[in-house]
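Chemist: here are the coordinates; sequence isn't available:
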């Protein structure tokens, strides 16, 4: 993997770059649709390419380990071939999913023992076998195993958790270095900065992660319930420490406003289930604000959902599909929201290159959060 930093906005820390992988080049800043089990919910792979313009998607180690299982994925030749996706894939480590199991997992120095949410069976994730699982999945970018502390966490717990994540990271790096990729290409390893919302811990973690000299770096443990301003404070601090010549990935973030604010702080990569999850409930993100398409006000609005991104369907028609509980409603809404997110980061990139990002962002922020 190779990252080329091309432009920096003169009035902020926003960056435009190119990330080269075995399955293609990614132009940053970038948003990655979440394809948890080898599928972006309700969206066909061809639509991801042709309509959404997705350059990279995300798979989930925890869920793919449980179904279909790594044995099947390896027999298929990896996740790319299994799901017929020839562009880059990133897999997260499963740490966040294990964190979300709360009452059904136990974390020790060895790793995390958890109960399968599907059939109740027990499994153990360690730093080493999470590297093996992601190797079998075959993603272009893989994540180190980490513990994601809840918000709020007291400083004692957050400190203990951060140091555990650092020790697991050293084991991940050591194990990953022993093996080549299974499918004829290298896999880039990203460690994850933790530390909850404590500045001193975030600084310590960012310095430790930067010292590992991995291919890129991620920031975890945010967008878990903390106020947006705290998220921005932590992102800014970490971006000041992480090396400028390597890509920075903010995990699980977020709203269009969150994305633009974090781009301005120096983040290059984002993922979030929000555009598809909210779409399935009838919430549309647009450049003029947020639409709840189920509202009666759209019943006779025959204007396009979006003149540029979704010109062929009207708001009235999409509302009708939701009220009638047609499956097509979720598909159209999901394609629209993902297309909008990819449009947003593409426009941000253009503005960074033009040197006008800050002015454009300040104009867009009030519009993006408005309720229409």
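Modeler: In hand now; what should we look at? Just so it is clear, the model here is predicted, and its values are computed rather than measured.

Chemist: which parts of the stretch 201-350 of the chain are helices?
Modeler: With DSSP state H, counting those that start in this stretch as the criterion, the stretch 201-350 of the chain has helices at 228-241, 256-265, 274-280, 315-323, 327-354.

Chemist: okay if I get the ones you listed as a markdown table plus distance to residue 368, mean pLDDT and mean neighbour count?
Modeler: For glycine as for every other residue, the C-beta is placed from the backbone atoms N, C-alpha and C. Output for the helices of the stretch 201-350 of the chain, formatted as a markdown table (distance: least, C-beta to C-beta, whole Å; pLDDT from 0 to 100; neighbours: other C-beta atoms under 10 Å):
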| stretch | distance to residue 368 | mean pLDDT | mean neighbour count |
| --- | --- | --- | --- |
| helix 228-241 | 13 | 98 | 19 |
| helix 256-265 | 4 | 98 | 23 |
| helix 274-280 | 13 | 98 | 21 |
| helix 315-323 | 18 | 98 | 19 |
| helix 327-354 | 8 | 98 | 21 |
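
Chemist: looking at the ones you listed, which is nearest to residue 216?
Modeler: If you check each of the helices of the stretch 201-350 of the chain against residue 216 by C-beta to C-beta, helix 228-241 wins as the nearest, at 13.0 Å.

Chemist: and the closest one, what does it pack against?
Modeler: Helix 228-241 is packed against helix 199-211, strand 217-219, strand 248-250, helix 256-265, with contacts defined by 3 or more C-beta pairs under 8 Å, 6 or more residues apart in numbering; DSSP states H and E.

Chemist: what angle sits between the longest one and helix 228-241?
Modeler: Okay, so that is helix 199-211. Relative orientation of helix 199-211 versus helix 228-241 (axes from the mean of the first three to the mean of the last three C-alpha atoms, to 10 degrees): 40 degrees.

Chemist: just the terminal-to-terminal distance for stretch 234-250.
Modeler: 11 Å (C-alpha to C-alpha, to the nearest Å).

Chemist: list the contacts of that stretch.
Modeler: Here stretch 234-250 makes contact (C-beta atoms under 8 Å, 6 or more residues apart in numbering) with 3, 5, 13, 17, 19, 28, 90, 190, 193, 195, 197, 199, 202-203, 205-207, 209-210, 214-219, 222, 262, 265-271.

Chemist: for PyMOL, what selects the buried ones among those?
Modeler: In PyMOL, the members of the contacts of stretch 234-250 classed as buried (16 or more other C-beta atoms under 10 Å) are selected with the following command:
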select buried, resi 3+13+17+19+28+90+190+193+195+197+202+203+205+206+209+210+214+215+216+217+218+219+222+262+265+266+267+268+269+270+271
